[in-house]
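1. could you look at this predicted model? Sequence included:
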Amino acid sequence: MFQDFNVLNFLFLAFFCFLAAVIDAISGGGGLISLPAYFAVGFPPHVALGTNKVSSTLSTIASSFKFWKSKKVNVEIVSKLFIFSFVGAILGALTTISIEPKYFKPISFITLILVFLYTLKNKNIGEVNHYKGITFKALLIGKIMAFCLGFYDGFLGPGTGSFLIFCLIKIFKVDFSFASGNTKILNLSSNFASLIVFTILGKSNFLYGVPIAIIMSFGAILGAKLAILKGNKFIKPVFLVVTIVLILKMSYEFFF
């Protein structure tokens with residue numbers, strides 16, 4: 001396991017993981033930055049995944065609390081989906097130990113493209129909160145969605161926040177602001193579940209993970225503040241930018 005503490009590696013991680021936390025709190029997609037950062041300093045793949053869960057779980061608590069205080073979390077929705085995200089993430093984390101994540105990348109790549117194009121085409125999506133309560137159909141689809149994205153988050157991770165925001169808007173008719181707040185709670189569920197698995201299996205490096213988590217917490221609070229203060233007109237463009245960067249990154253991995 002990658003154990004030695006190196007100051008330069010730590011400073012590198014601190015910078016990029018702080019940036020990741022800011023972006024993740026606004027629109028999801030922080031794993032696009034933080035996970036490759038762990039790879040870049042020499043962490044083996046499963047240790048990088050496990051250590052990233054240490055830092056992202058604690059930073060997600062910070063952003064979740066900020067959204068909660070600002071009343072941007074719909075308790076009716078997240079209370080019914082939380083456990084499905086948790087169970088899905090446990091199964092995803094267990095699966096990633098035995099199966100290469102590369103087999104899931106084409107699926108997430110194609111789905112991200114569809115999400116980007118749909119959001120770009122429907123210019124008013126997520127700008128107004130049309131939530132009127134939970135129907136049986138919406139709840140059923142929501143539970144399936146929470147389980148599947150929880151599994152994906154435990155298995156691979158990057159892009160989960162973007163998928164969650166999009167799905168919450170489409171299924172429950174909330175706006176980007178509420179979708180971001182609810183996403184943080186569901187992210188917290190899946191991050192914590194997969195963290196438990198990776199820690200039990202000895203794949204989490206707390207020597208780096210905990211101090212980086214503290215730094216990321218400040219980034220998460222900053223990102224949540226920006227999202228809450230500036231609202232949907234700010235969150236949506238950031239969401240689109242993060243999504244297209246994810247697509248470009250995956251394109252590079254596939255073709256080069």
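-> Perfect, thanks for sending it.
2. what comes up buried for the helix or strand harbouring His46?
-> Under the criterion of DSSP states H and E, His46 resides in helix 45-69. Judged by neighbour count (16 or more other Cβ atoms under 10 Å), helix 45-69 contains these buried residues: 46-68. (Each C-beta comes from the backbone N, C-alpha and C, glycine too.)
3. now do stretch 216-224
-> Applying 16+ other Cβ under 10 Å to stretch 216-224 flags 216-217, 219-224 as buried.
4. just put these in CSV and tack on pLDDT.
-> As requested, these are exported to CSV (pLDDT from 0 to 100):
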residue, pLDDT
Met216, 95
Ser217, 95
Gly219, 94
Ala220, 93
Ile221, 94
Leu222, 94
Gly223, 92
Ala224, 93
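5. tell me which of those residues fall in helices.
-> 216-217, 219-224 (DSSP state H).
6. of all those, which two lie farthest apart?
-> Met216 and Ala224 (12.2 Å; Cβ to Cβ).
7. in the protein, what helix or strand scores lowest on average pLDDT?
-> helix 105-121 (a mean of 78; mean pLDDT, DSSP states H and E).
8. per-residue pLDDT, Asn74?
-> Asn74 is assigned 94 on the pLDDT scale.
9. thought it was touching Lys184?
-> No: using Cβ atoms under 8 Å as the test, Asn74 is too far from Lys184 to be in contact (11.8 Å).
10. what's the spatially most central residue of the chain in contact with, if anything?
-> For the chain, the residue lying nearest the average C-alpha position, counting by Cα atoms, centre = their mean, turns out to be Gly161 (3.7 Å). Contact analysis of Gly161 by Cβ atoms under 8 Å, 6 or more residues apart in numbering lists 24, 27-31, 183, 187.
11. now this protein, which segments are flagged as low pLDDT?
-> Within the chain, the stretches with pLDDT under 70 are 1-3, 100-105, 256.
12. break down it into its helices, ranges please.
-> Using DSSP H, the helices assigned to the chain run over residues 7-27, 31-40, 45-69, 75-98, 105-121, 136-155, 160-172, 176-200, 206-230, 232-255.
13. alright, calling it a day.
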